[in-house]
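Peer 1: Sharing a sequence plus its predicted fold:
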Amino acid sequence: MRYAPGRLGDFNLAVRFQQHLVMDLKAWIDLERGRQTKLAAEIGAQPQLVWQWAHGKRPIPADRRPDIERATGGAVTCEEMTSDEVVWSRISDAHWKWHPLGRPVRDLTREARLMDALMLKRRCAFCGKRGGDPVGCAVEILGGQSKLAAAIGVRQQHVWNWLNRDTVPPEFCAAIERATEGKVTRRDLRPSDWWRIWPELVTEEHPIPVEAA
């Protein structure tokens, strides 16, 4: 892949795409001294935060990626910054001159399909077979739906509903985590919103998912 030096936004669009002058954020920053600071000022972010994005210490929030694409003159595209479940499409926009296919927009329909596919492939770290089914794993650990229900103080019908219909309400997730001795966690039980419910669970090892940051 070929790279070219330059200031913010000074790439020739047609030539750059013909020559595949597309790169990741760190490669773009490393091409010229001071780019990290300039980029931070351009998009209204702290330089240290940009450094963390570039070095993979923190995920780049999805809503920041179009700003970075624009500020880098299209050298770092939204697609290049995506290494997660965020899916981008392009819409024609004469004012978006930084990509030949137009303005980047999130494709929420494709994201939902991708998430469904990932959940189907997910395998439980405990039992290795109940992909994407933490409640099922908790049932196996406790020895049945009735035993899990008794351990957390609910009726067996509640557990059946969680297995077959509903998401586990937040108020019962900690109890399941305790009952399974941490083998099934709150993050497992609420993969789409655990960081909002329990912000104290956000760590370097378990950051906020990129698409939600």
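Peer 2: Everything's here; your move.

Peer 1: mind checking which helix or strand of the chain has the lowest mean pLDDT?
Peer 2: Using mean pLDDT, DSSP states H and E, the weakest-scoring helix or strand in the chain turns out to be helix 13-18, at a mean of 41.

Peer 1: which ones are touching His99?
Peer 2: Contacts for His99 (CB atoms under 8 Å, 6 or more residues apart in numbering) come out as Leu13, Glu69, Gly74, Thr77, Arg90. Quick note: C-beta positions are derived from backbone N, CA and C, even for glycine.

Peer 1: now do 7 Å
Peer 2: His99 sits next to Glu69, Gly74, Thr77, Arg90 when contact means CB atoms under 7 Å, 6 or more residues apart in numbering.

Peer 1: And for the third one, the neighbour number?
Peer 2: By the measure other CB atoms under 10 Å, the count of residues near Thr77 is 23.

Peer 1: Distance-wise, check it relative to Ile152.
Peer 2: 47 Å (CB to CB, to the nearest Å).

Peer 1: do the same with the last one
Peer 2: Distance check for Arg90 against Ile152: by CB to CB, it reads 47 Å.

Peer 1: if we can go back for a sec, just the ones of the contacts of His99 in strands?
Peer 2: Arg90 (DSSP state E).
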